[in-house]
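Chemist: Build the 3D model from these lines:
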Amino acid sequence: MKTNLFTKFLSFSYGSWIGLIIGLLITMLTTRILPPESYGKISMIDLFVSITLTFTVFGTDQSFIRFYYEEKPENRGGLLYNSIKFPLISNLIIILIILLLHEKILILLIGSSDFIIAIFISVSVLLQLLLRFGKLVIRMQQKGNLYSVLEILQKVFNLIFIIIIYHIIGSNFKVLLYSNVFAMFLVTIISIYFGKNFWGFNNIRIKSTKHSQTEILRYGSPFILTLFISNLLQSLDKIAIRYWSSFEELGLYTAAMKLVSLLLVLKVSFSTFWTPVSYERFEKNPNDKTFFSSMTILISVIMFFVGILCIVSKDIIVLLFGDKYRDAAQLMPFLVFMPIFYTISETTMVGINFYKKTYWHILISLISCVINFLGNWILVPEFGAVGASISTAFSFIVFFSLRTHISEMYFKVAYPLAKIYFMILVLSLYAFCSLFITSLWLNIIVGLISLVTLIMLFVNDIKEILQKRKLVYN
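Modeler: Okay, the predicted model is just below:
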């Protein structure tokens, strides 16, 4: 049976779109009840949890994805337990370290210490691990509707707990920490329940899996450094603002990221949908390169289009925030670059993963990270959060270029790179101009010119894809 890929994408992503609406409600609420400093502190805690999770997972989630379709269906529960055993052990060690060294860790992160916060951070680390594999089981089964329901529930639970906890403890960044942990706990339980065929303890005894724990660790371990550097690449801007500026400016920067939430939803939704689809497509027909070039064209047009719209509407969207967050609009133009070029590169770097050359991810992320660090070092002390956004934008252009050209060494595809690089120039010029344009209408006019340029560049490619139905999924 043939299924339109757009339909499959929608099944995985509508939860993120509804979650986006709920997320905007959460943002409108929290920016009115919490000061920018609270956003700054919670962003540092989120960063710590994210980097910690990278080390506890040990890349075994990537092994589970890579080996899933190579295992017989009845052995996939065994593959799950082989993949999660080591992360659970390392997770408990990390939690012990957090609790023993909580004073030093928390002072480094938020400038003060509280053992209750350390406990919640520890629980968050464990829940993030379980939820990652819980959702991964659902993703790899391509149960898009269930995945979307979980996304919606997590946002709904989060909103409910924010309201309840705020009325208990008042205006404090702990509101965001506590509500997130409680919401994550409920969604983790639900995800495990619906994947109970994988999580059943009888699967621990399966010994006939094609891939052993040793092979899983061998394949996944290079991802530790890769994902760590990748997380660092996406977080250096926040770290730089934390230590070369203030929590208030970091809070404004974090709020500005909410302005590009539509792009971030597209990034997460597409990656969630694309990973199992791309691997399965390659397993079935490794010579079908037209499929991958067509997907690159489509996702490039969508991401550039939405990115330009975000910059066009930045001064309007920011009205949803509280008065203390109005300056966030000024920080936003270059923030669209990260989700745009990360998402496009997900379609152009497939050759690296298909041929298991994952060590390239380390070099790619490291080069991009060094460039980002140097950019932040030069720009943040002088220009603050605006400098951080420019540095991150440039480093992700480099990230996209390296991913693409190295992938083509193994899996040569006719990507529309000349058109993409031309749009990089157009978007860069528009983002730079938007930093200085004070007139709402002038900003809209320049944005419309950028959109017309995008449409003229890709209109024939889109017509050809639609006419020849190149994105039909077998």
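
Chemist: so which helix or strand takes in the residue nearest to the spatial centre of the chain?
Modeler: Most central in the chain under CA atoms, centre = their mean is Val268, positioned 5.1 Å from the mean C-alpha point. Element membership for Val268, per DSSP states H and E: helix 261-284.

Chemist: That helix: which residues count as buried?
Modeler: Residues 261-270, 272-282 are the ones in helix 261-284 that count as buried (16 or more other CB atoms under 10 Å). (C-beta placed from N, C-alpha, C; glycine too.)

Chemist: name the helices or strands packed onto it?
Modeler: Helix 261-284 sits against helix 5-33, helix 60-68, helix 115-140, helix 290-312, helix 337-348, helix 350-354, with contacts defined as 3 or more CB pairs under 8 Å, 6 or more residues apart in numbering; DSSP states H and E.

Chemist: Including mean neighbour count, could those go into a markdown table?
Modeler: Shown next, in a markdown table, are these (neighbours: other CB atoms under 10 Å):
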| stretch | mean neighbour count |
| --- | --- |
| helix 5-33 | 18 |
| helix 60-68 | 23 |
| helix 115-140 | 20 |
| helix 290-312 | 21 |
| helix 337-348 | 25 |
| helix 350-354 | 22 |
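
Chemist: These: which one's closest to Ile216?
Modeler: Counting by CB to CB, Ile216 lies closest to helix 60-68 out of the helices and strands packed on helix 261-284; the figure is 4.2 Å.

Chemist: quick one: low-confidence ranges for the stretch 351-474 of the chain?
Modeler: Scanning the stretch 351-474 of the chain for pLDDT under 70 picks out 468-474.

Chemist: And the nearest residue to the residue nearest to the centre of the chain once chain neighbours are set aside, what's its pLDDT?
Modeler: Leaving aside its sequence neighbours, Val268 sits nearest to Ser16 (CB to CB, 6 or more residues apart in numbering; 6.2 Å). What the model reports as pLDDT for Ser16 is 70.

Chemist: What separation is there between Ser16 and Phe334?
Modeler: 23 Å (CB to CB, to the nearest Å).

Chemist: now Met349
Modeler: As judged by CB to CB, Met349 and Phe334 stand 22 Å apart.

Chemist: of these two, who's got more company?
Modeler: A direct count of neighbours by other CB atoms under 10 Å for Met349 and Phe334 places Phe334 higher, at 27 against 23.

Chemist: for the more buried one, what are its contacts?
Modeler: Taking CB atoms under 8 Å, 6 or more residues apart in numbering, we find Phe334 in contact with Val386, Ser389, Ile390, Thr392, Ala393, Ala431.

Chemist: what two of the residues you listed have the greatest distance between them?
Modeler: Checking the contacts of Phe334 with CB to CB, the most distant pair is Thr392 and Ala431, at 11.9 Å.

Chemist: Between the two, tell me which one has more neighbours.
Modeler: Thr392 (26 against 22).

Chemist: Remind me which helix or strand the more buried one belongs to.
Modeler: Here Thr392 is assigned to helix 385-407, by DSSP H and E.

Chemist: If you count neighbours, what's buried in that helix?
Modeler: 385-404, 406-407.

Chemist: again with stretch 445-465
Modeler: Quick answer for stretch 445-465 (16+ other CB under 10 Å): Val446, Gly447, Ser450, Leu451, Thr453, Leu454, Leu457, Phe458, Asp461, Ile465.

Chemist: Roughly how far does the last one sit from Pro416?
Modeler: Yep, that's Ile465 we're talking about. As for Ile465, its distance to Pro416 is 11 Å (criterion: CB to CB).

Chemist: what sits in contact with each of these two?
Modeler: Common contacts of Ile465 and Pro416 (CB under 8 Å, 6+ apart): Ile297.

Chemist: who touches stretch 148-159?
Modeler: 11-16, 18-19, 22-23, 25-26, 29, 135, 138, 179-180, 182-184, 186-187, 190-191.

Chemist: tell me the contacts of Ala385?
Modeler: By CB under 8 Å, 6+ apart, Ala385 lies in contact with Asp237, Ile241, Ser245, Glu249, Leu250, Leu252, Tyr253, Ala256, Leu331.

Chemist: Run through the residues that contact the second one.
Modeler: By that I understand Ile241. Ile241 neighbours (CB under 8 Å, 6+ apart): Glu249, Leu250, Tyr253, Val380, Gly384, Ala385, Ala388.

Chemist: quick one: low-confidence parts of this protein?
Modeler: Looking at the chain by pLDDT under 70, you get 1-13, 15, 259, 261-262, 320-325, 468-474.

Chemist: which stretches of the stretch 151-300 of the chain form helices?
Modeler: Ranges of helices within the stretch 151-300 of the chain are 174-194, 196-199, 213-220, 222-244, 247-259, 261-284, 290-312, based on DSSP state H, counting those that start in this stretch.

Chemist: just so I know, which of these lies nearest Asn75?
Modeler: Asn75 lies closest to helix 196-199 among these, at 10.7 Å (CB to CB).

Chemist: re the thing from before, pick the one among the contacts of Ile241 closest to Phe48.
Modeler: Proximity of the contacts of Ile241 to Phe48 (CB to CB) peaks at Leu250, which lies at 13.8 Å.

Chemist: nearest residue to that closest one other than its sequence neighbours?
Modeler: Once flanking residues are discounted, Leu250 sits nearest to Gly40: 3.5 Å by CB to CB, 6+ apart.

Chemist: Also Ile390?
Modeler: In this structure, Ile390 finds its nearest non-sequential neighbour in Phe334, 5.1 Å apart by CB to CB, 6+ apart.

Chemist: how much space is there between the one you found and Ala385?
Modeler: Using CB to CB, Phe334 is found at 10 Å from Ala385.

Chemist: repeat for Gly59
Modeler: Distance, Gly59 to Ala385, by CB to CB: 32 Å.

Chemist: likewise Ser245?
Modeler: When distance is defined by CB to CB, Ser245 is 7 Å away from Ala385.

Chemist: what's near enough to touch Leu88?
Modeler: Leu129.

Chemist: what number of residues lie near the spatially closest residue to Ala388 that is not a sequence neighbour?
Modeler: Sequence neighbours aside, Asp237 is the residue nearest to Ala388 in space, at 3.8 Å (criterion: CB to CB, 6+ apart). Using other CB under 10 Å, Asp237 has 29 neighbouring residues.

Chemist: likewise Tyr81?
Modeler: Using other CB under 10 Å, Tyr81 has 20 other residues around it.

Chemist: Can you say which helix or strand has it in it?
Modeler: In the assignment (DSSP H and E), Tyr81 maps to helix 76-100.

Chemist: Next SSE downstream of that helix?
Modeler: Under the assignment DSSP H and E, the closest C-terminal helix or strand after helix 76-100 is helix 102-110.

Chemist: Mind listing what's buried along that following helix?
Modeler: Judged by neighbour count using 16+ other CB under 10 Å, the buried positions of helix 102-110 are His102, Ile105, Leu106, Leu109, Ile110.
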